[in-house]
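>>> Quick one, fold the following:
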Amino acid sequence: MNPTASKSKEFEEHYSATLSDYVTAIAWSPHGTILAATSAAGEVVLVNDNQFTTLQTGGSTSVDCVAFSPDGQFLAVGGQNGQVKIWQGTELITTLENAPAWVDKLGWSPSGNQLAFSLGRCVQVWDADNREVVVTLNFDNSSVLAIDWRSDGQYLAISGYKGVKIWDSQNWEQEPYILDISTVSIAMAWSPDGKFLASGNMDRSITVLEWDNPDPWIMRGFPGKIRHLSWSQATTKLGAPILASSSVEGVVVWEKLEDESLGWEARILTNHVDMITAIAFAPQSFLLASAASDGWLCLWKKAKQVTQVLTGVSGGFSTLAWHPQGKFLAAGGDQGELLVWSKVSRGQGFGAS
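Residues are numbered from 1 along each chain as shown. Take a look at the predicted model:
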C-alpha cells in the first residue's frame, strides 16, 4: 500500500482551481473542450482552455449533479433546492422548480435532447427542444437512487428499493420491464454496448442482466454495500466489456467467462485504505481510475495493477471524470479542489493500456 509506487508517470498535473466547498460532481462536454463542476456550496463553474467561468456563485444549498447534452449545446444541474437549471452556452435558459424534492440524479438521453431527473419517487423527462416535461415516471417503491439511459437512448433504467425498472422511451405508456431484486439497488449502469445492465445492491451483491436473457447473474462476497459501478467501453476477446465495482475501500473487477454457467470471474484490486468515492474506465481502454477518501487517485493498468497514484487534495477525493478521448483526467476534492491531469505524450494512445 505504497502511494508512491509509480513505475512510470502516465499523467501529470495540467490545471487546478479551488471551489469554496466539497466538489459534488464534474462532467466533460462531449467534445472535451469544457469541464463543468458543481459544489456543496451551490457553485456551478466551467473550465475552458484553462479559463475559469462562474455560471452560479455559492448560495445556501448544494448542487449535486451535472451533465452536458450529447451535442454539447445544453448543460443541466440539479440540487438540494429542487431546481433543475439548464444553460445554453453561458446563458441560463430554463429553471424547473421542484421544491421540496431534492434533485440529485440526472442524465441526458444519448440520442437526443431529453433530460431525465429524479424527483423523490418519480423521474421526470424534460425535452430541451420543446422546453416541456414529456413524462413523469413513477418508481413507487422508494426514492430514486440511480438513473441511466441505454447508449442508444431507447431505454431508461431507474433503480431503488426492490430493483430496477426499465422504460421504453419510444412508448412511455408501456409498463416497464422490472429487474426484481430483494434488496435496494444503490448503483446501476448500462454497459456502453447496451448488452448488459448491472445493479450494485445494499445486500453486498451485484446483479448483472444480459438484455435478451431473463436469468441474471448474481455476484456475492463483498465487504459492504456496492457504491459504484463502471463498465469499460473496450471489450475482451469474448466481445464483452469488463465491469468494475467498489465496496468500502476495495475494487472488484469482473470479466465474463466463456462458460455461461460460470458467469463472471472476479479480480480484487487493493491499494486504497479508505472509502472509494468514484471509479471509471478510460474511454476505449481497460485503464481504470479509482478515487478515495484517503486522498489517492489510483490508475490501474489493464484493471489489474497500480501504475500511478495521483494526489493533490488536502482531504479526500470526492469524484472523477475522464475526458471523452482519454487525454485528460479530472477530479474533485473534499476541500473544493478541482484538478486536471493530462496524459504524458509518448505518441501512444490508450489502446495498449
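
>>> Can you pull out the low-pLDDT segments for the stretch 201-350 of the chain?
Counting by pLDDT under 70, the stretch 201-350 of the chain contains low-confidence residues at 346-350.

>>> hey, where'd the strands end up in it?
Defined through DSSP state E, counting those that start in this stretch, the strands belonging to the stretch 201-350 of the chain, from first to last, are 206-210, 217-219, 228-235, 241-247, 250-256, 264-269, 276-281, 288-292, 297-301, 305-310, 317-322, 328-333, 337-343.

>>> Repeat that for the stretch 1-150 of the chain.
Assigned strands in the stretch 1-150 of the chain, in chain order: 11-18, 23-28, 34-39, 44-48, 51-56, 63-68, 74-79, 84-88, 91-96, 106-108, 114-119, 122-127, 132-138, 146-149 (criterion: DSSP E, counting those that start in this stretch).

>>> Of these, which is nearest residue 283?
strand 23-28 (10.3 Å; CB to CB). C-betas here are computed from N, CA, C, even on glycine.

>>> would you put the C-alpha positions of that closest one in PDB?
What follows is strand 23-28, C-alpha atoms only, in PDB (Å, rounded to 0.1, in the frame of the first residue of the first chain):
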ATOM      1  CA  VAL A  23     -16.900  19.200  -5.200                       C
ATOM      2  CA  THR A  24     -20.100  17.300  -5.700                       C
ATOM      3  CA  ALA A  25     -20.000  16.500  -9.400                       C
ATOM      4  CA  ILE A  26     -17.900  17.100 -12.600                       C
ATOM      5  CA  ALA A  27     -18.600  16.400 -16.300                       C
ATOM      6  CA  TRP A  28     -16.800  17.000 -19.600                       C
END
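
>>> quick one: the nearest residue to residue 92 once chain neighbours are set aside from residue 27, how far?
When the adjacent residues along the chain are set aside, residue 92 lies closest to residue 85, with 6.2 Å between them (CB to CB, 6 or more residues apart in numbering). Using CB to CB, to the nearest Å, we find residue 85 at a distance of 14 Å from residue 27.

>>> ok, how many other residues are close to residue 140?
Close neighbours of residue 140, defined as other CB atoms under 10 Å, add up to 11.

>>> should've said residue 237
As a burial measure, the neighbour count of residue 237 was computed by other CB under 10 Å and equals 6.

>>> The residue nearest to residue 312 when sequence neighbours are not counted: what's it in contact with?
The spatially closest residue to residue 312, leaving aside those adjacent along the chain, is residue 339, at 5.2 Å (CB to CB, 6+ apart). The neighbourhood of residue 339, defined by CB atoms under 8 Å, 6 or more residues apart in numbering, consists of 13, 15-16, 310, 312-313, 330-333.

>>> and which of the residues you listed is nearest residue 219?
Sorting these by distance to residue 219 puts residue 331 at the head of the list, at 27.6 Å, by CB to CB.

>>> Quick check: the gap between the closest one and residue 287.
Relative to residue 287, residue 331 is positioned 15 Å away (criterion: CB to CB).

>>> for residue 158, same thing?
On the measure of CB to CB, residue 158 and residue 287 end up 30 Å apart.

>>> my guess is residue 97 meets residue 85, correct?
No: Residue 97 sits out of contact with residue 85 when judged by CB atoms under 8 Å, with a separation of 10.2 Å.

>>> Who has more neighbours out of these two?
Looking at residue 97 and residue 85 with other CB under 10 Å, you find the greater number of neighbours at residue 85, namely 20 against 9.

>>> thought the more buried one was touching residue 94?
Yes: with contact defined as CB under 8 Å, residue 85 reaches residue 94; the gap is 7.2 Å.

>>> ok, residue 162 to residue 198 distance?
Residue 162 sits 17 Å away from residue 198, taking CB to CB as the criterion.

>>> neighbour-wise, which of these two wins?
For residue 162 against residue 198, the residue with the higher neighbour count under other CB under 10 Å is residue 198, and the figures read 28 against 18.
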